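K.L.:
any chance you could fold what I've pasted below:
(one chain, ligands or ions: 1)
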Amino acid sequence: MSSRTPLMAGNWKMNLNHLEAIAHVQKLAFALADKDYEACEVAVLPPFTDLRSVQTLVDGDKLKIKYGAQDISAHDSGAYTGEISGAMLAKLKCTYVAIGHSERRQYHNETDELVNAKVKAAYKHGLTPILCVGEGLDIRKAGNQVSYTLAQVDGALKDVPAEQAESIVIAYEPVWAIGTGEVATPEDAQEVCGAIRGRLAELYSQELADKVRIQYGGSVKAGNVAAIMAQPDVDGALVGGAALDADEFVKIVRFRDQ
Ligand SMILES: O=C[C@H](O)COP(=O)(O)O
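P.N.:
This is a model prediction of the structure:
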């Protein structure tokens, strides 16, 4: 494990309405103590419709939990039905926004070019991108996971200056391990996360690369998180299914105890 502060983020995907969101965040807040926040940064990524409720709760109760959105429009405003702008997310005091999740790439045909535009939109509005990258099963079987994932990193960071890129979070999520119960081995996670850090050093500098947090995502649970977090280039987890169970997510945050 590195000296970077780990980021444990729960991506709720299309789960939990705004009332359920309040109950869930209250449960997390009740369970998490100051020492948990000192050891780890904790964030939730609820659906758009929950964000105002989560903001009200976090602000009102002065919670240390951070929150963000699961997507952002590449556009600032205008006739883009169904889209949500970075300005809107910033107004809701979001810290993070997930960009380029494999489900967006797969079901909404998001290209590296669009992901790059969304990364730039996030920075324009003061949001920190959680850039999601990772290979599908066919790529993994062909042994091309590193080159494929690094090409996604290159595409997402095209023309993004160092003073912005130094705050990015990159989530390596092998698509074949998402929601399947198939977890990449800690060595699999390290191989690609280490290569991503190496690419950041090539694109920018070693100093910048050493600052960036790289998460692993894909069937992370309390039972497997410690081994993954023991890898030198893994600085947190982007958790899907297990983040919907507050008790389980708290155990993931307390990965050092598992
Ligand atoms: O964003 C989260 C990832 O897609 C992982 O989801 P999962 O933990 O349900 O496999």
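
K.L.:
residues contacting residue 74?
P.N.:
114, 117-118, 120-121 (Cβ atoms under 8 Å, 6 or more residues apart in numbering). All C-beta spots, glycine's among them, are computed from the backbone N, C-alpha and C.

K.L.:
for ChimeraX, what selects the buried ones among those?
P.N.:
What follows is the ChimeraX syntax selecting those of the contacts of residue 74 that are buried according to 16 or more other Cβ atoms under 10 Å:
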select :114,117,118,120,121
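
K.L.:
can I get the contacts of residue 74 in TSV with distance to the ligand, pLDDT and secondary structure?
P.N.:
Below are the contacts of residue 74 laid out as TSV (distance: Cβ to the nearest ligand atom, whole Å; pLDDT from 0 to 100; DSSP: H, G, I helix; E, B strand; the rest coil):
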residue	distance to the ligand	pLDDT	secondary structure
114	18	98	helix
117	21	98	helix
118	16	98	helix
120	22	98	helix
121	20	98	helix
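
K.L.:
indicate the residue of the protein located nearest to the ligand.
P.N.:
Proximity of the chain to the ligand (Cβ to the nearest ligand atom) peaks at residue 240, 2.3 Å away.

K.L.:
I figured that residue was touching residue 179, is that so?
P.N.:
Yes - assessed by Cβ atoms under 8 Å, residue 240 is found in contact with residue 179 at 6.1 Å.

K.L.:
more neighbours: which of the two?
P.N.:
Set residue 240 next to residue 179 and count neighbours by other Cβ atoms under 10 Å: residue 240 wins out with 22 against 12.

K.L.:
quick one: the helix or strand of the chain with the lowest mean pLDDT near the ligand?
P.N.:
Lowest mean confidence among the helices and strands of the chain (mean pLDDT, DSSP states H and E): helix 137-141, at a mean of 94. No - Helix 137-141 lies out of reach of the ligand by Cβ under 6 Å from any ligand atom, never closer than 14.0 Å.

K.L.:
so which bits of this protein are right by the ligand?
P.N.:
Residues of the chain lying near the ligand (Cβ under 6 Å from any ligand atom): 11, 101, 173, 178-179, 217-220, 238-242.
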